[in-house]
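Novice: Provided below are the primary sequence and the corresponding predicted coordinates.
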Amino acid sequence: MTDQTYSKTELMICVAARLFEDGTTAFIGTGIPMLAAMLATKTSAPNLVPVFEFGGLGAILEDLPRAVGEARTFHKGILAAGICELMETAQRGFIDYGFLGGAQIDPYGNLNTVTIGDHDHPKARLPGSGGGNDVGSQCWRTVAIMQHDKRRFVPKVDFLTTPGYLSGPSAREDAGLPIGTRPINVVSTLALMDYDDGLGGTYRIRLAATHPGVTVQEVIDNTGFELIIPEQVRVNDPPSEEELRLLREEIDPERFYI
């Protein structure tokens, strides 16, 4: 626990970093997922094996990468391959987690990173899929990390880039995606969410824990669809002094993201 002030982004990074499991493989997307991965390797998951879609596997994250294909994603790594080799690795079931960002997310965890508005006449063009579709389709467990407001948490994504639960129960399997692969969490600037994916569940996003100082109603008010609210909603721990020190002094001292 800490009495220090911290930003919503710093808190989101810390909550996401705690979800990494030590000794597992994880595809890391550009931006916030990179900071979360670096923080995890310095705290709860020192034996994490980072995977970057352009070919870096097992890099030692001494300096913050700016993109998934630059030199720091290969630094002291186990393997320097290419995008096809690593996507095949995921298809063969060897990548445990995928940590991704997104511009939009819908009630079933589907992500959009392509366009806002009509695809042929968009209001805005986004970076595109990259490996996002492959990661969400092939990794065993997927975590989305994103800002939280009604523009991003929408009833239907403008373009389905990365599959979540698609349209609900059995939809992934019906679409031919590997059985057992699934989204498991959404980490936002307001809360930690999971899915109502148990026996007889709706497979929609469910509130699991609010961030310190955030009310359940505030999360509801900033979500553009009906969010499942359980009887008990936890409160996430704030960033520790050590987590903040690592973020500010070692991981991102130039405040590139935070």
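Specialist: Structure received. Numbering: from 1, shown residues only.
Novice: got the contact list for residue 194?
Specialist: 184-186, 205-206, 208 (CB atoms under 8 Å, 6 or more residues apart in numbering). Every residue, glycine included, has its C-beta placed from N, CA and C.
Novice: Just put these in JSON lines and tack on neighbour count, distance to residue 173 and secondary structure.
Specialist: Formatted as JSON lines, the contacts of residue 194 follow (neighbours: other CB atoms under 10 Å; distance: CB to CB, whole Å; DSSP: H, G, I helix; E, B strand; the rest coil):
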{"residue": "184", "neighbour count": "17", "distance to residue 173": "17", "secondary structure": "strand"}
{"residue": "185", "neighbour count": "21", "distance to residue 173": "21", "secondary structure": "strand"}
{"residue": "186", "neighbour count": "27", "distance to residue 173": "21", "secondary structure": "strand"}
{"residue": "205", "neighbour count": "27", "distance to residue 173": "19", "secondary structure": "strand"}
{"residue": "206", "neighbour count": "19", "distance to residue 173": "21", "secondary structure": "strand"}
{"residue": "208", "neighbour count": "19", "distance to residue 173": "24", "secondary structure": "strand"}
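Novice: Can I get these in JSON lines including pLDDT and distance to residue 75?
Specialist: JSON lines is the format used below for these (pLDDT from 0 to 100; distance: CB to CB, whole Å):
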{"residue": "184", "pLDDT": "98", "distance to residue 75": "29"}
{"residue": "185", "pLDDT": "98", "distance to residue 75": "28"}
{"residue": "186", "pLDDT": "98", "distance to residue 75": "30"}
{"residue": "205", "pLDDT": "98", "distance to residue 75": "35"}
{"residue": "206", "pLDDT": "98", "distance to residue 75": "38"}
{"residue": "208", "pLDDT": "98", "distance to residue 75": "34"}
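Novice: what's stretch 201-212 in contact with?
Specialist: 8, 11-12, 15, 105, 107-109, 165, 168-169, 171, 185-186, 189-197, 216, 218-219, 226-230, 233-238.
Novice: Mark which of these are buried, thanks.
Specialist: Listed as buried from the contacts of stretch 201-212 are 11-12, 15, 105, 107-109, 165, 169, 171, 185-186, 189-197, 219, 227-228, 233, 236-238; burial here means 16 or more other CB atoms under 10 Å.
Novice: now, which of the residues you listed lie within helices?
Specialist: The members of the buried ones among the contacts of stretch 201-212 that map onto helices under DSSP state H are 11-12, 15, 171, 219.
Novice: Closest one to residue 54 out of these, please.
Specialist: Within these, proximity to residue 54 (CB to CB) peaks at residue 12, which comes in at 25.0 Å.
Novice: which stretches of this protein form strands?
Specialist: Applying DSSP state E to the chain gives strands spanning 25-28, 49-51, 56-57, 79-80, 97-100, 104-105, 111-112, 115-117, 122-125, 141-146, 182-188, 191-195, 205-210, 234-235.
Novice: Now distance to residue 19 too, for those strands, in JSON lines please.
Specialist: Below are the strands of the chain laid out as JSON lines (distance: least, CB to CB, whole Å):
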{"stretch": "strand 25-28", "distance to residue 19": "10"}
{"stretch": "strand 49-51", "distance to residue 19": "14"}
{"stretch": "strand 56-57", "distance to residue 19": "20"}
{"stretch": "strand 79-80", "distance to residue 19": "24"}
{"stretch": "strand 97-100", "distance to residue 19": "8"}
{"stretch": "strand 104-105", "distance to residue 19": "16"}
{"stretch": "strand 111-112", "distance to residue 19": "17"}
{"stretch": "strand 115-117", "distance to residue 19": "28"}
{"stretch": "strand 122-125", "distance to residue 19": "29"}
{"stretch": "strand 141-146", "distance to residue 19": "6"}
{"stretch": "strand 182-188", "distance to residue 19": "6"}
{"stretch": "strand 191-195", "distance to residue 19": "8"}
{"stretch": "strand 205-210", "distance to residue 19": "11"}
{"stretch": "strand 234-235", "distance to residue 19": "14"}
